[in-house]
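[1] using only what follows, build the 3D model:
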Amino acid sequence: MANQMDAALRERLKAALWFSVGKIVDEEGIQLNINTTPQFIGALTEMVWTQVENVAADLESFSRHAGRTTVTTDDVLLITRRNKDLHGILKDFVDREEAQKQEGKGRGKK
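    Numbers count the residues shown, from 1 in each chain. Model (predicted):
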């Protein structure tokens, strides 16, 4: 029963990904004045799905290695270490969020 639910959830997630990828491809195709085929969208969706699975497995490994059961922003930043641009964007975002959180804590005290 659990495997059937896992398979059903997996298929729903894949369908949602296919829809999102298709929507993005269609929008970009309009902007670039190019046509794409459903086969292209399907292949791109499979590639993205595989990448998501690989990233998820790596994130789980990083958190487990650190002795945690929860993935943290540190794990996400670690996975982006080879892509300096992406790492910089995510690091800036995390730093801004932490600064806002600290700023919010400071206001509550009087």
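[2] ok, residue 17 touching residue 47?
    No: contact criterion CB atoms under 8 Å: residue 17 and residue 47 do not qualify, at 10.7 Å. In this view, the C-beta of every residue, glycine as well, is placed from N, C-alpha and C.
[3] looking at the two, which one has more neighbours?
    More neighbours surround residue 17 than the other of residue 17 and residue 47, with 16 against 11 (other CB atoms under 10 Å).
[4] I'd like to know which elements the helix or strand that contains the more buried one is packed against.
    Per DSSP states H and E: residue 17 is located in helix 2-32. The contact analysis (3 or more CB pairs under 8 Å, 6 or more residues apart in numbering; DSSP states H and E) places helix 2-32 against helix 38-65.
[5] quick one: buried residues of the helix it packs on?
    The neighbour-count check on helix 38-65 (16 or more other CB atoms under 10 Å) flags 41, 44, 45, 49, 59, 62, 63 as buried.
[6] would you reformat those residues as TSV and include distance to residue 35 and pLDDT?
    As requested, those are arranged in TSV below (distance: CB to CB, whole Å; pLDDT from 0 to 100):
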residue	distance to residue 35	pLDDT
41	11	97
44	14	97
45	17	97
49	23	97
59	36	96
62	41	96
63	43	96
